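Novice: Give me a model of this one.
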Amino acid sequence: MNSPFLLGLTGSIGMGKSTTAKMFAEAGLEVWDADAAVHRMYGSGGAAVEPIREICPSAIIGGAVSRDVLKSWIAQDPTALTKIEKVVHPLVAEDRLGFVQNAKSDIVVLDIPLLYETGGDTHVDAVAVVSAPAKLQRERVLARPGMTVEQFESILAKQTPDEEKRQRADFIIPSETIEGARAKVGQIIADIRNSLNA
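Specialist: Next comes the predicted model:
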């Protein structure tokens, strides 16, 4: 079989990206989730445990990586995030490659929250951005348990602005309603398959 068509899926926090990723999966496409890959690697016996132990021994608790310890390290040490990324990014890239090589579907969706921020858009055939109006985004995020306005604004500051993502994307999935998003997902799959068969 030829290599599958790689569709990068991204969107800022609170845009409905996870829900949209499920729609692609329900349509029969294989979906690789960057966040889930990191969770696996941080779990007991995961690929990131020993490399993280080498740079931050206190972050390993019960054989797994403690995100809370990493967060406090990042808050205290300006070099911490770069060190963590040097460990995690190659492992994530390897995991993604393995997933793509074993995929059976003609289109593979790569769900990557920081797709543009990490240069991941250069490794895919097209990008779909999940987007909603800023007011709705804010309401969704602040409804999450434990989320504060400060946390929300801090997360947003690290992400490429939604308007820029929309301009750079090949496809935009409006997520104001489930129905609208699902219709757009179906249309994107049809459009890609038409271009593959052209």
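Novice: Render the CA-only coordinates of stretch 127-139 in CSV, please.
Specialist: The C-alpha trace of stretch 127-139 is given here as CSV (Å, rounded to 0.1, in the frame of the first residue of the first chain):
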residue,chain,number,x,y,z
VAL,A,127,-3.6,20.9,7.9
ALA,A,128,-7.1,21.2,9.3
VAL,A,129,-7.7,23.8,12.0
VAL,A,130,-10.6,23.5,14.5
SER,A,131,-11.9,27.0,15.3
ALA,A,132,-14.6,28.7,17.2
PRO,A,133,-15.3,32.4,18.1
ALA,A,134,-13.1,33.7,20.9
LYS,A,135,-16.1,34.2,23.2
LEU,A,136,-17.1,30.6,22.9
GLN,A,137,-13.5,29.4,23.3
ARG,A,138,-13.2,31.4,26.5
GLU,A,139,-16.5,30.0,27.9
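Novice: Contacts for it next, please.
Specialist: 7-17, 20, 115, 121, 140, 152, 162, 165-166, 168-176, 181, 188 (Cβ atoms under 8 Å, 6 or more residues apart in numbering). Every C-beta, even on glycine, is put in place using the N, C-alpha and C of the backbone.
Novice: For that stretch, buried residues please.
Specialist: Neighbour counts over stretch 127-139 (16 or more other Cβ atoms under 10 Å) mark 127-132, 137-138 as buried.
Novice: Kindly report the same for stretch 92-110.
Specialist: Applying a neighbour-count criterion of 16+ other Cβ under 10 Å, one finds 92, 95-96, 99-100, 103, 105-110 buried in stretch 92-110.
Novice: follow-up on the earlier one: redo the buried residues of stretch 127-139 as a markdown table? Include pLDDT.
Specialist: Formatted as a markdown table, the buried residues of stretch 127-139 follow (pLDDT from 0 to 100):
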| residue | pLDDT |
| --- | --- |
| V127 | 97 |
| A128 | 97 |
| V129 | 96 |
| V130 | 94 |
| S131 | 92 |
| A132 | 89 |
| Q137 | 90 |
| R138 | 89 |
